[in-house]
Every structure is written in structure tokens, then in C-alpha cells.
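> coords please:
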Amino acid sequence: MKTTVLALTLYLLAGIWAASAETVVYDEIPLKYPWSGFTGSDGGTDSLTVDPFSKEAPHSGNICAKVTYDSSTETWAALFIQATGDWRRGPGIGLDLRGATTLSFAARGARGGEAVTFGYGYEPDRSGTADSSRSRESLILGDEWRRFSMDLRGKDLSSISGLFSLRLDGEDNPGGATIYIDDIRYM
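Have a look, this model is predicted:
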């Protein structure tokens, strides 16, 4: 009987820990996950520059990420923070984020009015393989830091390789855009 009660107690405590665990995607040095998933109408590498070590008025701590988009080079560009540093996706690949209920991050624009689509999770590749969940949300940024969150309740977070994404479109940002991002975490 004691063994059963002990096992049940440990099982319940593990479930509480998993549900309350926090996964920090981007915060301070050392960076745990690479800002390596460039894509765009022509590949994303010519129009998008990223400085994940910018000291330009971070939301918290000593650094924030500065992303600059040149709309004269590509009609759209996007970037993923990748769990594995590459485009692999599918069951058992990436992070198991079950227990998280929110994807939270802070963002601001250099001038305000920048239109950005933020999200997580890879779309299906040519073979139809995708992350276990994905979502996108379009936002207009102000020039002051603001916290944003995405509701993850009810999502299958068992295999997430595309931990965080952003997309900038030239149609929405005809003069280009500079945005800042900080404190990305699953909670």
C-alpha cells in the first residue's frame, strides 16, 4: 500500500512540475536555440538581418533581438528560432512542450506601426510532415515594449521544432521595418 501511495504521489508531483515548467526560448546569453531558420520570397537571407545580442533598450536584462527587414529586396521574409538548428520536423523531433499553456514574448517596433506575424510550429514540408501544432498571429507594434501571448491550451505540443517565428511582408511594411523582440518563453 505504501509503495502505491508513494508511486501515485511521485506521479502527481511529476505532472504538476511538467505543467508548470517554463521553457525559455530567448532571454540572455548564452542563447540556447539558434535564430537560423531564414525563409522568404527569395530565401530570406538577403532582406532580413538579425542581431540577437542588441543592447538597444532591451525589455529586460542586457540584450534583446533586433530584426531588420529590407522590403526592397524581397516581398516577404520570415525567420524561425529552431529547436534543432535545422528544418527537421515530425513526431519525436524538436521539443516536447506539453504542459505549457502560453507562448509569451515582448516586442516593439523602432518607430511604431510595424506589421508582423508571430507564431510557432512548422507547416507541412513536401512530404506532409509538420510540427505537432502551429499557429500564427498578426500584430501591429508600437514603439514601446509590450508583452504578447498566444494561448496554447488544447494544442498538441509534443513535437515543436519551430519554437518561434516572425514574418514581415513588404505590402504591410513598404519602407521596411526594424523590430525588437525579447523574453520569449513557453509557460
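> from here on, contacts and neighbour counts on C-alpha atoms
OK.
> Find the residue ranges of the protein scoring beneath the pLDDT cut-off.
Within the chain, the segments meeting pLDDT under 70 span 1-20, 44.
> residue closest to the middle of it?
Centroid check for the chain by CA atoms, centre = their mean gives Phe164 as the closest residue, at 1.5 Å.
> which ones are touching the nearest residue to it once chain neighbours are set aside?
Closest residue to Phe164 apart from its sequence neighbours, by CA to CA, 6 or more residues apart in numbering: Tyr120 at 4.5 Å. For Tyr120, the contact set (CA atoms under 8 Å, 6 or more residues apart in numbering) comprises 134-136, 160, 162-165.
> Straight-line length of stretch 130-144, end to end?
End-to-end distance for stretch 130-144: 34 Å, by CA to CA, to the nearest Å.
> scratch that, stretch 131-150
With CA to CA as the measure, what separates the two termini of stretch 131-150 is 17 Å.
> Give me the three-state assignment for Pro30.
When classified by DSSP: H, G, I helix; E, B strand; the rest coil, Pro30 comes out as coil.
> And for it, the neighbour number?
For Pro30, the neighbour count with other CA atoms under 10 Å is 7.
> ok, back up a step: beta partners of the residue nearest to Phe164?
Per DSSP bridges, the residues bridged to Tyr120 are Ser135.
> Among the contacts of Tyr120, which one lies nearest to Ile63?
Phe164 (17.6 Å; CA to CA).
> these two touch, right, that closest one and Phe118?
Yes. Phe164 is in contact with Phe118 according to CA atoms under 8 Å; the separation is 7.3 Å.
> The residue nearest to the centre of the chain and Arg134, how far apart?
Counting by CA to CA, the gap from Phe164 to Arg134 is 10 Å.
> where do the contact lists of these two overlap?
Joint contacts of Phe164 and Arg134 (CA under 8 Å, 6+ apart) are 119-121.
> just to revisit the earlier point, quick one: secondary structure of the residue nearest to the centre of the chain?
Relying on three-state DSSP, one would call Phe164 strand.
> That one and Ser41, how far apart?
Phe164 sits 19 Å away from Ser41 when distances are taken as CA to CA.
> do Trp76 as well
In this view, Trp76 and Ser41 are 6 Å apart by CA to CA.
> Same question for Leu79.
12 Å.
> who has more neighbours, those two?
Leu79 (24 against 13).
> Bridging across strands, which residues link to that one?
Phe38, Leu166.
> need the contact list for it.
Contacts of Leu79 (CA under 8 Å, 6+ apart): 35-39, 44, 165-167.
> So Arg88 belongs to a helix, correct?
No. Arg88 is assigned coil when assessed by three-state DSSP, not a helix.
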